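Undergrad: Pasted the sequence and its predicted model underneath.
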Amino acid sequence: MSRDGYLRRQRWFVGTDREVVGRRALPWSREPDADGFGVRIELVDVHTATGALRTYQVPASYRREPFPGLENALMDEEDGYLVYDALLDAHARGALLAGLADDDAQGAGRAVFASDDGTRLDPAAVTVPLVAEQSNTSVVVGDSLLWKSFRIVGSGPNPDIELGRALTATGARCVAPVRGWVGVGDVDLAMFYDYYPSASDGWDGARASVRDLLADPGPASTAGADFAAEAARLGAAVAQLHDLLRRMGTATADPTQLADRLRRRFEATSSSQRWGHAAAVAFDELAGLAEPVAVQRVHGDLHLGQTLRTVDGWRVFDLEGEPSAPLERRREPDSVWRDVAGMLRSLDYAPWSVGLQVGTDPDVLTPLARDWTTRNASAFLEGYGATADRATWILLRCHQIDKAAYEVDYELAHRPSWASIPRDALQRLLAAS
Ligand SMILES: Nc1ncnc2c1ncn2[C@@H]1O[C@H](COP(=O)(O)OP(=O)(O)O)[C@@H](O)[C@H]1O
Ligand SMILES: O=P(O)(O)O[C@H]1O[C@H](CO)[C@@H](O[C@H]2O[C@H](CO)[C@@H](O)[C@H](O)[C@H]2O)[C@H](O)[C@H]1O
């Protein structure tokens, strides 16, 4: 089956997935014309390592001749056509957008655009893909919309659209409002939401602060670009997000069940061999909590790179949860401490990532990094309004252990030179009691 080589090179392709086992094409968004140029959305089924199926959305443009500048987007050759990744092909993006904008384009199996607030797509808008490597593919449309095509798709609501719409309806200022979405049958394919061209993300802000500190080492509180006030505002934005999501429903989970879930996830990571015993002790502590744990819809994969500092405050985006997890699992209620732990992990990553990249002497870096993280994590927790009770401490610690073990495998697969960041954190977390 074709396309395998291209898929395997993409950041959005899950590294452990195996061979392509099937491909379905939606009706042409643009039928091949006299020059042989055509565009359609294709859904590619891939066997995962466990034998389950995962479906990838791969919009494809067909051309008779090589198109200059698209060398890295070439996916395949088929029946005399060169097949490109349509989201990286400007003409093809225009054809896809025009197909979505056309209310008269009917037909079974077509991708359909819908909106809660009457937003209409401009088929003539300039489209520019975002360059950052991500789990999905995002394209700026005109100067105010972001068009995010989900790469892993499945039956049922995608939480990014589902939660985004619900939060947008409340007028929430802690998210980027959703303006529309695209689906075929019960499969969500893409969403359109407000684009903030002047914003920068929390990851860049945090690292700027760390750079400032490394340039003039001292207590983190004296860094010119101290991040603590922003960290506190970010904590407040995440608290607002959780409050609004809580309105969608709450439940309680038995601590034993929660601990079992974390235990199973940990056992599936490469850290389980070395740290299995210590992690089991931590999860036992969670299982032993006397009170049930409150659960609700959460972000599910929160880190600094999913927060945007706009002129009117922090906004959180990418509410789809862990892209590689099945959709129904991503929609399950969870503890808010999963999200808070994700942010604490990110605040730990920031100083080490800068230090590793510039080669700071570990003896110099270690105290500076610890001070920076402690200061900013405390500010974040204070802004969030976290209480300092034992149950919270246990939940936060267990979720940080869970996230750090996930991160070790993520780094080994994508950025091996950073694997020491979560590995060292895991060691610290498991030594604490
Ligand atoms: N509303 C927005 N305005 C400006 N930039 C954004 C916005 N949303 C996301 N981004 C940028 O787009 C990138 C990709 O977004 P994200 O939702 O994280 O994609 P993915 O699901 O592929 O991880 C982010 O790293 C961020 O820098
Ligand atoms: O943004 P995604 O949903 O694709 O999340 C994945 O990639 C993230 C990296 O881009 C990864 O985050 C890890 O690295 C971040 C720094 O780059 C750090 O801030 C996070 O704390 C750390 O987890 C994320 O885990 C992964 O799911």
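TA: Okay, I see it. Residues are numbered from 1 along each chain as shown. Ligands and ions are numbered 1, 2, ... in the order given.

Undergrad: Count residues in the vicinity of Val408, would you?
TA: 23 (other CB atoms under 10 Å). In this view, the C-beta of every residue, glycine as well, is placed from N, C-alpha and C.

Undergrad: quick one, helices of this structure?
TA: 4-8, 90-101, 159-169, 202-215, 228-246, 255-267, 272-287, 327-330, 336-358, 362-384, 390-414, 420-431 (DSSP state H).

Undergrad: for those helices, which one ends up most surrounded?
TA: Mean neighbour count (mean count of other CB atoms under 10 Å) peaks for helix 336-358 among the helices of the chain, with a mean of 23.

Undergrad: Could you check that one against ligand 1 for contacts?
TA: No. If you take CB under 6 Å from any ligand atom as the test, helix 336-358 misses ligand 1, and the best it gets is 12.8 Å.

Undergrad: Using CSV, write out the CA atom coordinates for that helix.
TA: Extracted C-alpha coordinates of helix 336-358, given in CSV (Å, rounded to 0.1, in the frame of the first residue of the first chain):
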residue,chain,number,x,y,z
VAL,A,336,-8.1,18.6,37.0
TRP,A,337,-4.8,17.7,38.6
ARG,A,338,-3.8,16.0,35.3
ASP,A,339,-3.8,19.4,33.6
VAL,A,340,-2.1,21.2,36.6
ALA,A,341,0.5,18.5,36.6
GLY,A,342,1.1,19.0,32.9
MET,A,343,1.8,22.7,33.5
LEU,A,344,4.2,21.9,36.4
ARG,A,345,6.0,19.5,34.1
SER,A,346,6.3,22.2,31.5
LEU,A,347,7.6,24.7,34.1
ASP,A,348,10.3,22.1,34.9
TYR,A,349,11.2,21.6,31.2
ALA,A,350,11.7,25.3,30.4
PRO,A,351,15.0,25.9,32.3
TRP,A,352,16.5,22.5,31.5
SER,A,353,15.7,22.8,27.8
VAL,A,354,17.5,26.2,27.5
GLY,A,355,20.4,25.0,29.6
LEU,A,356,20.9,21.8,27.5
GLN,A,357,20.7,23.8,24.3
VAL,A,358,23.3,26.3,25.3
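
Undergrad: what angle do it and helix 228-246 make?
TA: Counting by axes from the mean of the first three to the mean of the last three CA atoms, to 10 degrees, helix 336-358 points 150 degrees away from the direction of helix 228-246.

Undergrad: Mind checking the pLDDT average for helix 336-358?
TA: Computed over helix 336-358, the mean pLDDT rounds to 97.

Undergrad: Do it and ligand 2 come into contact?
TA: Yes. With CB under 6 Å from any ligand atom as the criterion, ligand 2 is reached by helix 336-358 at Arg345, Ser346, Tyr349.

Undergrad: what's that helix packed up against?
TA: Counting contacts by 3 or more CB pairs under 8 Å, 6 or more residues apart in numbering; DSSP states H and E, helix 336-358 packs against helix 202-215, helix 228-246, helix 362-384, helix 390-414, helix 420-431.

Undergrad: Many thanks, I have nothing further to ask.
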